[in-house]
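*Asks:* sequence first, predicted model second:
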Amino acid sequence: KLPVLNGKKVYKYNESNVTYLNENIDTTVFSIVSHGTKDGKTTATVCVPKEGTYTLIFAAYDGETFKACEITTVTKDSTDCVLTVPSKDSITLKKGDKIFLWKDLESLTPMCEEYTIQ
């Protein structure tokens, strides 16, 4: 997702995977900032302030019924807090679908609120 120039202030959030956003993110808390697509894959831009490996879930719904999901990992091992993570395959998310950031699949501990596609 590209920032809007001539709009709100543009912030640069990391050096290794150059990410620019219009939002000033609190980089001390876990959050899902936005979603998009890159190379035909759904992406999630997440804020991960602590080193470690976390679970990112892209979940598709048919109305209120769960339809499919893709699970991938997020690994923070650098000073960058804002990371853009692609799905493993090519799940397509639409309005009402959700993205979750959890500690892992064993404890099912959410790291932040779910992100709902608008």
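*Replies:* Perfect, thanks for sending it.

*Asks:* tell me the bridge partners for the most centrally placed residue in the chain.
*Replies:* Nearest residue to the geometric centre of the chain (Cα atoms, centre = their mean): residue 44, 2.8 Å. Residue 44 has these beta-bridge partners by DSSP bridges: residue 35, residue 85.

*Asks:* just residue 98 next, same as before
*Replies:* residue 59, residue 116.

*Asks:* look up how far residue 41 lies from it.
*Replies:* 17 Å (Cβ to Cβ, to the nearest Å). For the C-beta atoms, the positions are set from N, CA and C on the backbone; glycine is no exception.

*Asks:* hmm, back to that, the residue nearest to the centre of the chain and residue 97 touch, don't they?
*Replies:* No: counting by Cβ atoms under 8 Å, residue 44 sits too far from residue 97 to count as a contact (11.4 Å).

*Asks:* pLDDT score for residue 15?
*Replies:* On pLDDT, residue 15 comes in at 62.

*Asks:* if you could redo that for residue 98, that was the one I meant.
*Replies:* What the model reports for residue 98 is a pLDDT of 96.

*Asks:* quick one: residues contacting it.
*Replies:* Taking Cβ atoms under 8 Å, 6 or more residues apart in numbering, we find residue 98 in contact with 59, 61, 114, 115, 116, 117.

*Asks:* so where's this protein shaky on pLDDT?
*Replies:* Where the chain drops to pLDDT under 70, the residues are 1-4, 7, 13-18.

*Asks:* measure stretch 78-90 end to end?
*Replies:* End-to-end distance of stretch 78-90 (Cα to Cα, to the nearest Å): 27 Å.

*Asks:* what is the burial count for residue 39?
*Replies:* 7 (other Cβ atoms under 10 Å).

*Asks:* isn't it up against residue 87?
*Replies:* No: counting by Cβ under 8 Å, residue 39 stays clear of residue 87, with 10.5 Å between them.

*Asks:* returning to what we had before: any idea how far the residue nearest to the centre of the chain is from residue 114?
*Replies:* Taking Cβ to Cβ, one finds residue 44 at 11 Å from residue 114.

*Asks:* show me what contacts residue 56?
*Replies:* Counting by Cβ under 8 Å, 6+ apart, residue 56 touches 44, 46, 71, 72, 73, 74, 85, 99, 100, 101, 102.
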